[in-house]
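Peer 1: Pasting the sequence and the predicted coordinates here, then a few questions.
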Amino acid sequence: MLVTPPGAALLMFFVLPLIAMLLFSFREGTFSPEREMFTLRHVVHFLEGRDVQRLLWESALTSAVISTIAVTLAYPLAYYLAFGARERRNILLLLVLLPAMTSYLLRVMAWKIILGSEGLLNTFLIWTGVTAEGFTGLLHNRNAVIVTLVYVWVPFAALPIFASLMRIDTRLFEGAADLGARPWETFGLITLPLSLPGIAGAFLFVFVPTLGEWVTPMLVGGTEGVMFGNIIQDTFTRGLNWPLGSVMSLAMISLTVVLLGVPVVVYRSFRKVRTRVA
Amino acid sequence: MHAHSTRSTLGRLLITLGCVITVLLVLAVAGCGDDASTVTTAAQEGLQDNSGDGKSLTLLDWGGYDTPEFRGDWDTEHPDVKLNWVFANEDSEMYAKMQSGFQNDLVRPVWTKIYADQGLVQPIDTSKITNWGSIPKKMTDHVTYDGKVYFVPTAWGLSSILVRTDKVTTMPKSWADLWNPEYKGHVSIFDSGELGFVVAAKVLGFDPTNTTEDQRAQIKQKLLELKPNLKNYWSDSVALDQEIAAGDVWIAAGAWTTSLISASTNNIPVEYITPTEGVFAWMGGLGVSSTTKNYDLALEFIDSYVSTKAQAAVGNAWGLGVANNDALPLLDPATVTLLKLDAMGTLDSLEFLPPVTDDLRTAYTEIWTEVKAAQ
Amino acid sequence: MYFWLIAVLLYVPLLLLMVLSVNDSITLGFPLKGFTLRWYQAALDNPIMLDALRNSLLLAVVSAFVATILGSLAAMAIVRFRFPGRTFLAAVTGAPLVIPFVIVGAALLVALRWAGFELSLWTVGVGQVVLCIPLAAIIVGSGVVGFDQALEEASMDLGATYAQTQLLVTLPILAPVLIASFITCVVSAFNEFAISVFLVGIEPVLPVYLYSQLRNTTSGPLIMAVASAVILTSFALVLVAWALQGGTRRGGRATPGSAKPASTKELDATLS
């Protein structure tokens, strides 16, 4: 049937690797066959590492901040595209998505150049006379990571919001206006609640991948901006400790699953609201 | 609706069962099959295999070492041998590649000992290296384990502290000075657990190759205390050079001589200090893989690489220390003075970073990870 | 207004890269020194760079092809049919996009190496396919959703077999979406970095190669040159993709709220 090829492919190359990773967590070492013994050593090591666990929580927090900002910035964008654009909608949507379709690595590199103490932003600020010497604290910290990742994600965050805004029946607006509602009331009582699934979707869409981010923190984060993804990547590629890396990855997945539960519940309850209204 | 849901639950059950069975099958196959991840230790019995066609050599190397001048007369002497270069950015990358059964002929790591321990490289028949006698003993000692030579040294370099003289009030004089609160937020350290570990050990007075658990805890604590001074970890010297030039980084710990040259070329006031605890030096060498089928050809390549001509080229291009004494007179005098390369005494006073073994590697990686994670 | 402000800001970093690629200075910074095309020339002279470029292109095209096929099949199945495990398939199809890439990459690394495979362009390809399947599924899915099945029924009423119908009716109508999905996957796979870096073997791949070059040689502007070329090419390809997709889109996109309830549920399921 239709299902078999994609199903098999995803099973083999997505589901199975995740399971393999789960099993690998219990292996003694990365390379030699002698190290295939079953051990809980790495799990214990991870559970005992307070700093690393705390970093996981903090990375989640940073991700949440990034997601919130990205969604907030993306919402007006999506709103304009859905309701303001009309005939030019497709072109404008394309315009927004285009930068996002180029290399992620290059976009982060660009921000590194922008935020540097002799970078674009400082050069601009000095040139306009806002400041004499420029700010040195723009790069190599958590703020730089947040700014860069928000930039990366805003176009992608706009998509789910746009999709859910498009689904709203415009007759609702007319009806509300007929009943005497002011624009803000219409927005707050109709548009916003009905687009909530899109907002939740956008939030998740940004949050989960950002949780595992390591490229941006490595390039612009300095010591302060280190995220859990860096530790995982370090453990795999520098530490060459795949079992420990697997344990860490699974810890991250578990956290994601737990955190995912909340928005899903929110989403389902608001879906019921929407079907009742429509 | 009800019937539909029971059907789909049953369906889901079947699919889950199918998955589980598939998993078990795959594991069974993988478990029984060859793990393909280590090279057989038969290599230790001096393989010296020459059954290959001699038409190509695959090298696992650092970026930039493929510059033609660095291999002397090789191209004219062996025009029909194709050189395949595979680059890695870090020792750990190289090591992982070879551990994964990568089929190469030559490798140029800095982590020399661990390759020998793991049977990844085979002993070198130094009688086939014509330039062997010109290589300083200090370097050859570093690559001789259990009386057998496993690598041919090809370059050495310094790992010290580069300072923006115009930015600091007090010049640092030792590794311990890195902790001076005056430099808060302006120190950058090489993103290698190895360097951090060795520096902290030295500052605390421990022997990095022989630490107790308690000592390691102290090392970790010391590194945590360094964090407030750090702006970032540097892993690519180009970015480091830019940050030094911009004045964001005042003190670069573990900086290489290339950074010194880069800053000097751009007229940036810097000084490459000699810390009181000692300057560290790294040494890289070419090793022959245990699985090579072109043993003699590989040795010929190595020989070309350590020839006088080639070594002079490396020294002049990158300001690295040469492995061939005969090349010293051919070096650009400015480079020689800048790096104090003139005396062999310089080499003897250097301390090579301890040879990396698997235990050392695990120890310092763990500590470094935890230090990085701590906020 | 706001929209234009953000839209412009989105492009500034990319313009910066392009400006630096023609800057006559070896450092990546200000002030600008002069116009030159020598970095582009240097990029063309670099055999490994060209190698990496070739590998990435080849890989991207093949991965996109495979992913589009698999994604389309999945999308068709999910949108049109009810079958046990449908939700599961939908979830698994969409999952690679919402799992941190570092985990997808690491998991594939562990699994493939454990099974005894060497890291090579094949393994990178696998990673790219896994990442592109959800993209393809969503894009093609949106086309399938708007597809009027009455056409298929009519075709079969007129005597065509199921296979013929699929080939001669469904495929041509879906062609724009398929091509759009293909091109989107090509661009995504070509630029993909976070997963490839785990799975790359001997042969270089462009994003990973750029990353390693950033760290070892003084080739900053050269990278900018390649970067600019990549950006412009990506732009061009995406433009083509969207021209195709936007041109023949029916149902659900003309005006807000005009989508049929049934199809929005499918879109919902595919998107979430």
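Peer 2: Sure, I can see it.
Peer 1: what's around the residue of chain A found nearest chain C, how many residues?
Peer 2: Here chain A gets closest to chain C at one residue, A:Gly212, 2.2 Å apart by CB to the nearest CB. From N, CA and C alone the C-beta is placed, and that goes for glycine too. When neighbours are defined as other CB atoms under 10 Å in any protein chain shown, A:Gly212 has 27 of them.
Peer 1: how much space between C:Ala52 and chain B?
Peer 2: 11 Å (CB to the nearest CB, to the nearest Å).
Peer 1: Which secondary structure element is home to that residue?
Peer 2: helix C:47-80 (DSSP states H and E).
Peer 1: Tell me where the model's unsure across chain A.
Peer 2: Along chain A, segments meeting pLDDT under 70 span A:1-3, A:32-36, A:134, A:263, A:267, A:274-278.
Peer 1: what about the residue in chain C positioned nearest to chain B, which SS state?
Peer 2: In chain C, no residue comes nearer to chain B than C:Pro84, which is 1.9 Å away by CB to the nearest CB. Here C:Pro84 is recorded as coil under DSSP: H, G, I helix; E, B strand; the rest coil.
Peer 1: could you measure it against chain A, distance?
Peer 2: Taking CB to the nearest CB, one finds C:Pro84 at 10 Å from chain A.
Peer 1: Over to C:Ser234?
Peer 2: For C:Ser234 relative to chain A (CB to the nearest CB), the value is 5 Å.
Peer 1: do the same with B:Ser237
Peer 2: 15 Å.
Peer 1: how many other residues sit next to that residue?
Peer 2: There are 20 residues near B:Ser237, going by other CB under 10 Å.
Peer 1: Same question for B:Gly133.
Peer 2: For B:Gly133, using other CB under 10 Å, the count is 11.
Peer 1: out of everything not next to it in sequence, what's closest to B:Ile268?
Peer 2: In space, and not counting its chain neighbours, B:Ile268 is closest to B:Ala245: 5.6 Å by CB to CB, 6 or more residues apart in numbering or on different chains.
Peer 1: how near is the spatially closest residue to C:Phe190 that is not a sequence neighbour to B:Trp156?
Peer 2: Nearest residue to C:Phe190, sequence neighbours excluded (CB to CB, 6+ apart): C:Ala60, at 3.9 Å. Distance, C:Ala60 to B:Trp156, by CB to CB, to the nearest Å: 41 Å.
Peer 1: ok, which stretches of the stretch 101-250 of chain B are helices?
Peer 2: Using DSSP state H, counting those that start in this stretch, the helices of the stretch 101-250 of chain B run over residues B:112-117, B:137-142, B:193-204, B:213-226, B:237-246.
Peer 1: Could you point out the helix or strand that follows the last one?
Peer 2: With elements assigned by DSSP H and E, the helix or strand that comes after helix B:237-246 is strand B:251-255.
Peer 1: ok, and does the helix or strand following that next one reach over to chain A?
Peer 2: Beyond strand B:251-255 on the C-terminal side, the first helix or strand identified by DSSP H and E is helix B:257-265. No - applying CB under 8 Å from any CB of the partner chain, one finds helix B:257-265 separated from chain A by no less than 14.7 Å.
Peer 1: returning to that earlier point: for the helix holding C:Ala52, packing partners?
Peer 2: Here helix C:47-80 touches helix A:4-10, helix C:86-98, helix C:121-145, helix C:171-191, helix C:206-216, helix C:220-247, helix C:261-271, going by 3 or more CB pairs under 8 Å, 6 or more residues apart in numbering or on different chains; DSSP states H and E.
Peer 1: Kindly provide the whole-number mean pLDDT of that helix.
Peer 2: Averaged across helix C:47-80, pLDDT comes to 87.
Peer 1: Only the buried residues of it, if you could.
Peer 2: C:49, C:52-53, C:55-56, C:59-60, C:62-79 (16 or more other CB atoms under 10 Å in any protein chain shown).
Peer 1: Roughly how far does A:Ala132 sit from chain B?
Peer 2: 14 Å.
Peer 1: Does that residue touch A:Ile126 like I think?
Peer 2: Yes - contact criterion CB atoms under 8 Å: A:Ala132 and A:Ile126 qualify, at 7.0 Å.
Peer 1: Compare those two and say which one has the larger neighbour count.
Peer 2: Neighbours were counted for A:Ala132 and for A:Ile126 using other CB under 10 Å; A:Ile126 has more, 15 against 7.
Peer 1: Secondary structure element holding that one?
Peer 2: helix A:120-127.
Peer 1: could you point out the longest helix in chain A?
Peer 2: helix A:242-277 (DSSP state H).
Peer 1: tell me the angle that helix makes with helix C:86-98.
Peer 2: Here helix A:242-277 points in a direction 120 degrees away from that of helix C:86-98 (axes from the mean of the first three to the mean of the last three CA atoms, to 10 degrees).
Peer 1: Is helix A:242-277 positioned near chain C?
Peer 2: Yes - judged by CB under 8 Å from any CB, helix A:242-277 and chain C are in contact via A:Trp242, A:Gly245, A:Ser246, A:Ser249, A:Met252, A:Ile253, A:Thr256, A:Tyr267.
Peer 1: Count the neighbours of the first one for me.
Peer 2: This means A:Trp242. Around A:Trp242 there are 26 residues (other CB under 10 Å).
Peer 1: That one touches A:Ile232, doesn't it?
Peer 2: No - applying CB under 8 Å, one finds A:Trp242 not in contact with A:Ile232, separated by 10.7 Å.
Peer 1: which neighbours do those two share?
Peer 2: C:Ala106 (CB atoms under 8 Å, 6 or more residues apart in numbering or on different chains).
Peer 1: May I ask which helix or strand encompasses B:Asp61?
Peer 2: strand B:56-62.
Peer 1: What residues does the stretch 51-200 of chain C have near chain B?
Peer 2: C:Arg82, C:Phe83, C:Pro84, C:Gly85, C:Arg86, C:Phe88, C:Arg113, C:Trp114, C:Ala115, C:Gly116, C:Glu118, C:Leu119.
Peer 1: ok, 7 Å please
Peer 2: C:Pro84, C:Gly85, C:Phe88, C:Arg113, C:Trp114, C:Ala115, C:Gly116, C:Glu118, C:Leu119 (CB under 7 Å from any CB of the partner chain).
Peer 1: I'd like to know which of those residues are buried.
Peer 2: Buried among these (16+ other CB under 10 Å): C:Pro84, C:Gly85, C:Phe88, C:Arg113, C:Trp114, C:Ala115, C:Glu118, C:Leu119.
Peer 1: Redo those residues as TSV? Include distance to C:Phe147 and pLDDT.
Peer 2: Listed next are these as TSV, based on distance: CB to CB, whole Å; pLDDT from 0 to 100:
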residue	distance to C:Phe147	pLDDT
C:Pro84	24	76
C:Gly85	23	75
C:Phe88	24	81
C:Arg113	42	82
C:Trp114	42	79
C:Ala115	39	80
C:Glu118	42	77
C:Leu119	40	79
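Peer 1: What strands flank the longest strand seen in chain B, and is each parallel or antiparallel?
Peer 2: Ranked by residue count and defined by DSSP state E, the top strand of chain B is strand B:151-164. According to DSSP bridges, strand B:151-164 forms sheet pairs with strand B:251-255 (antiparallel), strand B:270-273 (antiparallel), strand B:280-289 (antiparallel), strand B:321-322 (antiparallel).
Peer 1: Switch the ones you listed over to JSON lines; also include mean neighbour count, mean pLDDT and distance to A:Gly175.
Peer 2: As requested, the strands paired with strand B:151-164 are arranged in JSON lines below (neighbours: other CB atoms under 10 Å in any protein chain shown; pLDDT from 0 to 100; distance: least, CB to CB, whole Å):
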{"stretch": "strand B:251-255", "mean neighbour count": "27", "mean pLDDT": "90", "distance to A:Gly175": "67"}
{"stretch": "strand B:270-273", "mean neighbour count": "20", "mean pLDDT": "87", "distance to A:Gly175": "72"}
{"stretch": "strand B:280-289", "mean neighbour count": "24", "mean pLDDT": "88", "distance to A:Gly175": "75"}
{"stretch": "strand B:321-322", "mean neighbour count": "28", "mean pLDDT": "80", "distance to A:Gly175": "81"}
